[in-house]
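**Q** Turn this into a structure:
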Amino acid sequence: MATLADVARRAGVSPATASRVINGSSKPVADELRERVLRAVADLRYVPNAHAQLLARPQRSVVGVVVHDVSDPYFAEVTRGLQRVATERGRLLIICNSYRDPVRELEYVELLRGQQVAAIVLAGSGYHDAAFTTMLNEKLAAYEATGGRVAVIGRHDHFGDAVMPANATGGELIGRELLRLGHRRVGVVAGPRVLTTITDRLTGLRRALAEQGVDLPDERIRYADFDRDGGARATAELLDTSPAPTAIVALNDSMAVGALALLRARGVRVPEDVSVLGFDDMPIAADVTPTLTTVRLPLVEMGVRAMALALDPTSGSPRVETLPAELVRRDSTGPAPA
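**A** Sure thing, here's the model as predicted:
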């Protein structure tokens, strides 16, 4: 493979001049010399060193995103928005999957800091874990002290720019819809208890039910993995309680799909016997049978706004943008059975 020195010899310039042209340095280079270097690059089919380019450029060209699991439809949609803005700004996006492991999340933040990325976006939920939060904030503060920028999606105990999905409001919308349909025995298929997203969605649901004197006891809440299989297992546990709920609220759509599959396997009719509701409005929500009533969050827009905050500097107070939630009625809900 051709080297930088080969390009410089072919163009008749110094290696330093060739490097400035190839790596996009802010130092000026005469047009004639620039053309000679670019012709040499084409003739030799030279491939520049990405690390050298990063060091030579006047601004950092890479942004890092930490998600819980990009295969989760929620994060896939959010990442679409993040990628859109990064591409428009000419930035390379590095995606790190923490798989809801706080230790791995800390490791990724440290790794991205070492790579001198322009910005870090934490796209997953915060954790109810004081020790983890303290360590995370220390690492983010060290990164920001070097000129890096941080934005988060969801509720994190971090002082900085944030995009907040209306999780509690979405829970309230679900609660009021269930009350409108006459449901009083409500079961919840929840994700991991440690996630702030789960707390916020449950808080909104409980608040709406309490307005009409309806209780949501702890025994009607089942915590499980935030995926299809977790939803199926938690739904099975709820069906075995007595009396069984007339409505099951899954705190994301993947869990709701698992709930529908378990109910179908047991011969329970939806919505005649049990209503099912999800959260997030993934594309699959309109494709399952019956179609899923859910809360729609503007997931792509959440990614767009978070990346814009991360790449647009400000000297003022941290910016917090709250994006709305909307109830989408479909076929999986109906009146409570007599």
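**Q** where do the strands sit along the stretch 101-250 of the chain?
**A** Secondary structure of the stretch 101-250 of the chain by DSSP state E, counting those that start in this stretch: the strands cover 119-122, 149-153, 161-165, 186-190, 221-223, 247-250.
**Q** any chance of those strands in TSV, plus distance to Leu111, mean pLDDT and mean neighbour count?
**A** In short, each C-beta sits where N, CA and C put it, glycine included. Below are the strands of the stretch 101-250 of the chain laid out as TSV (distance: least, Cβ to Cβ, whole Å; pLDDT from 0 to 100; neighbours: other Cβ atoms under 10 Å):
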stretch	distance to Leu111	mean pLDDT	mean neighbour count
strand 119-122	10	96	27
strand 149-153	15	96	26
strand 161-165	21	96	24
strand 186-190	31	98	27
strand 221-223	30	97	20
strand 247-250	34	98	30
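**Q** Could you measure from Glu138 over to Asn23?
**A** From Glu138 across to Asn23, the span is 33 Å (Cβ to Cβ, to the nearest Å).
**Q** Looking at the two, which is more packed in?
**A** Asn23 (17 against 12; other Cβ atoms under 10 Å).
**Q** Give me the pLDDT value at that one.
**A** pLDDT, Asn23: 73.
**Q** Same check on Ala5?
**A** Confidence score, pLDDT, at Ala5: 91.
**Q** for Pro243, same thing?
**A** If you check Pro243, the pLDDT there is 90.
**Q** cool, and Val29?
**A** On the pLDDT scale, Val29 is placed at 87.
**Q** Begin at 712, not 1, for the rest of this chat.
**A** Done: numbering now begins at 712, and the last item shifts to Val740.
**Q** Show the contacting residues for it.
**A** Val740 is in contact with Thr728, Arg731, Val732, Val748, counting by Cβ atoms under 8 Å, 6 or more residues apart in numbering.
**Q** OK, contacts around the first one?
**A** The reference is to Thr728. Counting by Cβ under 8 Å, 6+ apart, Thr728 has contacts Ala719, Val740, Leu744, Val748.
**Q** How is the protein divided into domains?
**A** The chain breaks down into these domains under automatic domain parsing: 715-767, 773-876+1011-1034, 878-1008.
**Q** out of those domains, nearest to Ala1047?
**A** domain 878-1008 (4.0 Å; Cβ to Cβ).
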